[in-house]
Structures are given as C-alpha cells and as structure tokens.
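Novice: below is the structure, and that's it, no one-letter string:
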C-alpha cells in the first residue's frame with residue numbers, strides 16, 4: 001500500500017495516557033512489557049497526550065508534561081515525551097503535525113518553553129522542528145544515547 005500525505009484523513013485529538021501505549025510499545029519499547037510504556041506523571045493534571053489518527057486508526061502519539069528542567073531557566077516549561085509514529089507512517093512528516101498541535105496547546109497553557117530528551121536517531125527531526133541541542137549526549141539505560149533539546153515558544 002502506498003501512503004500519501006492526505007491531510008483530510010488526519011485528525012489530532014487529546015487522548016488518555018493508556019491510549020498512547022498502542023503506539024509507544026511497538027515504536028519506543030519493542031519487545032518489552034506493556035508496563036514499560038507508562039511514564040511518571042502520565043496521569044498528572046498538567047499532562048496532556050495527543051493522538052494522531054489516520055481515518056479511524058491511531059498512528060502517532062506525543063505527551064507533554066509540565067516539568068521543570070534544572071538546566072533551563074524557564075519557570076513554565078513543558079517536557080515533550082513519548083513521540084512515536086507507527087513505522088509504516090514514518091517519513092511523511094506526520095510527527096511535525098503532532099509537535100505543532102502540542103506547541104499550540106502549551107502556548108494556550110502559558111508555557112514558554114518545550115524541552116525533551118531526544119534519541120540520537122531523532123535529533124535531526126527535532127532540529128527541523130526548531131529545537132536546539134543543549135549539552136553533551138547521555139545514556140538512558142535500556143534505551144540508548146540521548147541529547148537534551150529545547151525550544152522557546
């Protein structure tokens with residue numbers, strides 16, 4: 001099946017934390033137990049999750065958490081976590097749509113900065129979306145090399 005970027009068939013909406021597991025598991029935690037898909041503060045009142053649907057199918061997710069980063073001076077930062085697009089939909093810039101929708105909601109919530117820990121393989125994607133690397137790489141056990149990145153909005 002050849003996929004084309006058809007924006008008419010795409011919808012982004014807020015979803016529950018548990019709904020993100022369907023995409024987090026195969027993309028971010030393959031071969032691991034479903035419990036590894038749960039993040040600290042997934043259900044906190046200041047956390048929100050976005051789901052990207054192609055027709056009726058959930059194909060992408062992202063989470064934004066109001067989380068202080070001591071390396072940054074901003075008092076109202078949000079952390080972007082769990083960005084994942086199902087493999088067959090990757091490379092179509094659908095992740096850009098999730099980031100744009102998340103930035104809009106963070107802005108509505110008076111957030112001024114978004115930061116994240118990017119996997120080495122995803123750094124270019126985030127740079128293309130306006131994020132900057134801060135500091136040296138670091139290792140997250142069981143996951144791999146990461147870079148802290150941020151973007152002022």
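Specialist: All right, it came through fine. Because the structure is predicted, anything quoted here is derived from the model rather than measured. Numbers count the residues shown, from 1 in each chain.

Novice: test my guess that residue 62 contacts residue 47.
Specialist: No - counting by C-beta atoms under 8 Å, residue 62 does not reach residue 47; the two are 11.4 Å apart. Where you see a C-beta, it was placed from the backbone N, CA and C, and this is true even at glycine.

Novice: can you give me the strands in the chain?
Specialist: Here the chain has its strands, by DSSP state E, at 10-15, 48-54, 57-66, 77-85, 113-119, 132-140, 144-152.

Novice: of all these, which one is nearest residue 36?
Specialist: Closest to residue 36 of these is strand 77-85 (C-beta to C-beta; 11.4 Å).

Novice: quick one, the closest one and strand 113-119 angle?
Specialist: Counting by axes from the mean of the first three to the mean of the last three C-alpha atoms, to 10 degrees, strand 77-85 lies at 40 degrees to strand 113-119.

Novice: partner strands of strand 77-85 and their direction?
Specialist: strand 57-66 (antiparallel), strand 113-119 (parallel) (DSSP bridges).

Novice: neighbour count for residue 62 and residue 47, which is higher?
Specialist: residue 62 (25 against 19; other C-beta atoms under 10 Å).

Novice: show me what the more buried one is bridged to.
Specialist: residue 50.

Novice: give me the contact list for the longest helix belonging to the chain.
Specialist: Using DSSP state H, we find that the single longest helix of the chain is helix 94-108. By C-beta atoms under 8 Å, 6 or more residues apart in numbering, the residues outside helix 94-108 that reach it are 5, 10, 12, 48, 50, 52, 59-62, 64, 78, 80, 83, 85, 114, 125, 128-129, 151, 153.

Novice: again, 7 Å this time
Specialist: 10, 12, 48, 50, 52, 60, 62, 64, 78, 80, 83, 85, 114, 125, 129, 153 (C-beta atoms under 7 Å, 6 or more residues apart in numbering).
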